[in-house]
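Enquirer: 3D, please:
(one chain, ligands or ions: 2)
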Amino acid sequence: MITMEDIIREGNPTLREVAKEVAVPLSDEDIKLGEEMMEFLHNSQDPIKAEELGLRGGVGLAAPQLDISKRIIAVHVPSGDLENPEPTLSAVMYNPKILSHSVQDACLAEGEGCLSVDREVPGYVVRHNKITLSYVDADGVKQKIRLKNYEAIVVQHEIDHLNGVMFYDHINSENPYALKDGVLVIE
Ligand SMILES: O=C(O)C[C@@H](Cc1ccccc1)[C@H](O)SCc1ccccc1
Ligand code: NI
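Expert: Ligands and ions are numbered 1, 2, ... in the order given. Below is the predicted model:
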């Protein structure tokens with residue numbers, strides 16, 4: 001079971017590598033890894049288990065954060081609506097690829113954090129507001145989906161990890177809260 005000890009922190013060179021595509025059909029090893037990554041996200045969002053296991057809450061995780069330089073991410077975005085517990089996005093994605101994106105950019109009002117970064121780095125992380133994404137799912141089936149707003153931001157944060165990019169690479173060092181016109185700030 002994955003815990004915080006398995007997650008490498010900034011300074012580890014693996015976080016700056018471009019991860020390799022995984023073979024399709026998926027190996028049992030890669031399928032098992034995806035399952036463990038998803039299990040971590042579920043545990044990290046369960047107050048009892050997170051407390052028990054000392055987990056930081058996460059809505060996404062990328063294999064390079066486990067010192068495994070493979071193009072695998074897991075995302076599990078809860079709906080946040082107690083009436084409707086269905087997550088708005090929950091998937092293990094193999095070889096995810098952004099096929100196209102909106103001209104409109106977006107950022108989270110509260111900025112971003114990272115399970116591999118044990119410090120606050122304030123500032124707007126400007127990303128695409130909408131993306132069209134292809135990936136191979138856990139059943140080995142090629143998927144093509146469109147995401148927007150928060151779900152699109154989470155997936156872009158994780159795909160950045162596959163390309164050796166950290167969220168603070170996007171922050172304007174002169175003025176962390178500088179925003180071009182038209183950037184959607186997501187509360
Ligand atoms: O380090 C990671 O990749 C997981 C991040 C992903 C992420 C951070 C900020 C914005 C989008 C995605 C963790 O989920 S950071 C902790 C967190 C937990 C719940 C909600 C937002 C951020
Ligand atoms: Ni991260």
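
Enquirer: residues in the chain within reach of ligand 1, list them.
Expert: Counting by CB under 6 Å from any ligand atom, the chain comes close to ligand 1 at 57-62, 108, 112-116, 153-154, 157-158, 161. All C-beta spots, glycine's among them, are computed from the backbone N, C-alpha and C.

Enquirer: the longest helix in the chain is where?
Expert: Identified as the longest helix of the chain according to DSSP state H is helix 28-44.

Enquirer: next one: it to chain centre, how far?
Expert: 14 Å (CA atoms, centre = their mean, to the nearest Å).

Enquirer: any buried residues in that helix, and which?
Expert: Within helix 28-44, the residues scored as buried using 16 or more other CB atoms under 10 Å are Asp30, Ile31, Leu33, Gly34, Glu36, Met37, Met38, Phe40, Leu41, His42, Asn43, Ser44.

Enquirer: next one: stretch 12-19
Expert: Of the residues in stretch 12-19, those buried (16+ other CB under 10 Å) are Thr14, Leu15, Ala19.

Enquirer: so of these, which ones are in helices?
Expert: Per DSSP H, those never map to helices.

Enquirer: can I get those residues in TSV including pLDDT and distance to Val77?
Expert: Formatted as TSV, those follow (pLDDT from 0 to 100; distance: CB to CB, whole Å):
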residue	pLDDT	distance to Val77
Thr14	98	25
Leu15	98	22
Ala19	99	22
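
Enquirer: strands along this protein, start to end?
Expert: Assigned by DSSP state E, the strands in the chain fall at 60-62, 72-77, 89-101, 105-108, 127-128, 130-136, 142-148, 184-186.

Enquirer: report the central residue of the protein.
Expert: Among the residues of the chain, the one closest to the centroid is Glu158, at 2.9 Å (CA atoms, centre = their mean).

Enquirer: what's opposite the spatially closest residue to that one that is not a sequence neighbour in the beta bridge?
Expert: Residue nearest to Glu158 in three dimensions, not counting chain neighbours: Ile73, with 3.9 Å by CB to CB, 6 or more residues apart in numbering. Beta-bridge partners for Ile73, by DSSP bridges, are Ala62, Met93.

Enquirer: which residues touch Ile73?
Expert: Counting by CB atoms under 8 Å, 6 or more residues apart in numbering, Ile73 touches 37, 60-63, 92-93, 96, 155, 158-159, 161-162.

Enquirer: show the pLDDT at it.
Expert: What the model reports for Ile73 is a pLDDT of 99.
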